[in-house]
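Chemist: Turn this into a structure:
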Amino acid sequence: EAEHPDWVTPDSPTQRAGAKAADRFDKIRHPAPILSLANAFGADDARAWLERIAKIDDRVEKAKFVVEPKIDGLSVVLHYRDGVFVQGATRGDGEVGEDITSNLRTIRSIPLRIPVNSDQSSVIRVPKYLVVRGEAYLPIKEFDELNRKLEEAGEKTYLNPRNTAAGSLRQLDPVLTASRPLTILVYQIIYSDGGKIPTSQWEILEYLKALGFPITDVAKRFNKLEDAIAYTETWNEGRDKLPYEADGMVIKIDDLNLAAELGFVGKDPRGAIAFKFPAREVTTTLNDIGVAIGRTGVLTPYAMLEPVEIGGVVVERATLHNF
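Modeler: Coordinates of the predicted model:
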């Protein structure tokens, strides 16, 4: 390629890294809204969610459900034209994100061309234009190893994998991103033009896997919500067995046409809900109580705590709201 620059293709392994540092990130408008999720804090909340949407469409009562992990990473959007990765962006505000294509190229688990297995090209017709969504993250094991190396070098260590992953992907210099052991799991098709796309979430995961995208290996499909809830609750204690940080599991209606017809509440689709894990708890010492004086003279007490780390965040103060 050095001798024949015109031979360089977008999916060449040499294009993984080496891009020049950017001055800034350009803005990208997503082809469809990149939505967030409403939360359920326990089984009762999940049942209430089902009751609400069943009132909108009674087909919900016979729906199947897919449960997937809610990875605590950075949501990214990947664009493929004629099977070649051409652009990648952050979620941003759900409508507009930042162009981080050069940084995403450095993540080796992101295929630069699909299908990855050339034998599948005769079986799967790849859409002319395909946009998928995934979660970029730093595996816990790799995060711990990164911190160990930084500590040995006498450099500042990082607090948690999520912030480290987000910061790594928003570096203006892709070389810095390439030095971080980032990976990704893909779970949604945002937009497609051409080709036949499955209409169930479970089949979407299988389709993405066949194209060569990495997908979760703990997703399961259930015929009843109660079974989905039971499976989700097994991860309350088992969350530490996951190789990545996760703050819950996502319960989705498997029928994507039904999910789409249910519509949205604000930026939250009615067809899915985030079943959050119980909050982590730690014990620390209350050293003192201070009082903050607001602009209008309102007094708000706050606790001054012995610094304590929880979920990768150091907490030193906590609002007490009122006397």
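
Chemist: Tell me where the model's unsure across the stretch 101-250 of the chain.
Modeler: 120-122 (pLDDT under 70).

Chemist: Tell me where it has helices.
Modeler: According to DSSP state H, counting those that start in this stretch, the stretch 101-250 of the chain carries its helices in the segments 101-105, 140-152, 161-169, 174-178, 201-211, 225-238.

Chemist: What pairs with the strand or helix carrying Glu309, parallel or antiparallel?
Modeler: Assigned by DSSP states H and E, Glu309 belongs to strand 299-310. In the sheet containing strand 299-310, the strands it pairs with under DSSP bridges are strand 286-293 (antiparallel), strand 313-319 (antiparallel).

Chemist: closest one to Tyr207 among those?
Modeler: Minimum separation from Tyr207 across these (CB to CB) falls at strand 313-319, 37.1 Å. C-betas here are computed from N, CA, C, even on glycine.

Chemist: can you list the residues that contact the closest one?
Modeler: Counting by CB atoms under 8 Å, 6 or more residues apart in numbering, the neighbours of strand 313-319 from elsewhere in the structure are 159-160, 284, 300, 302-305, 307-309.

Chemist: and if we set it to 7 Å?
Modeler: With contacts defined as CB atoms under 7 Å, 6 or more residues apart in numbering, strand 313-319 is touched by 159-160, 300, 302-305, 307-308.

Chemist: need the helices of the stretch 101-250 of the chain in a markdown table with mean neighbour count and distance to Pro5, can you?
Modeler: Formatted as a markdown table, the entries for the helices of the stretch 101-250 of the chain read as follows, by neighbours: other CB atoms under 10 Å; distance: least, CB to CB, whole Å:
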| stretch | mean neighbour count | distance to Pro5 |
| --- | --- | --- |
| helix 101-105 | 24 | 18 |
| helix 140-152 | 14 | 34 |
| helix 161-169 | 21 | 28 |
| helix 174-178 | 19 | 19 |
| helix 201-211 | 19 | 29 |
| helix 225-238 | 16 | 50 |
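
Chemist: The ones you listed into TSV, with extra columns for distance to Phe323?
Modeler: Rendered in TSV, the data for the helices of the stretch 101-250 of the chain read as follows (distance: least, CB to CB, whole Å):
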stretch	distance to Phe323
helix 101-105	48
helix 140-152	41
helix 161-169	34
helix 174-178	48
helix 201-211	49
helix 225-238	35
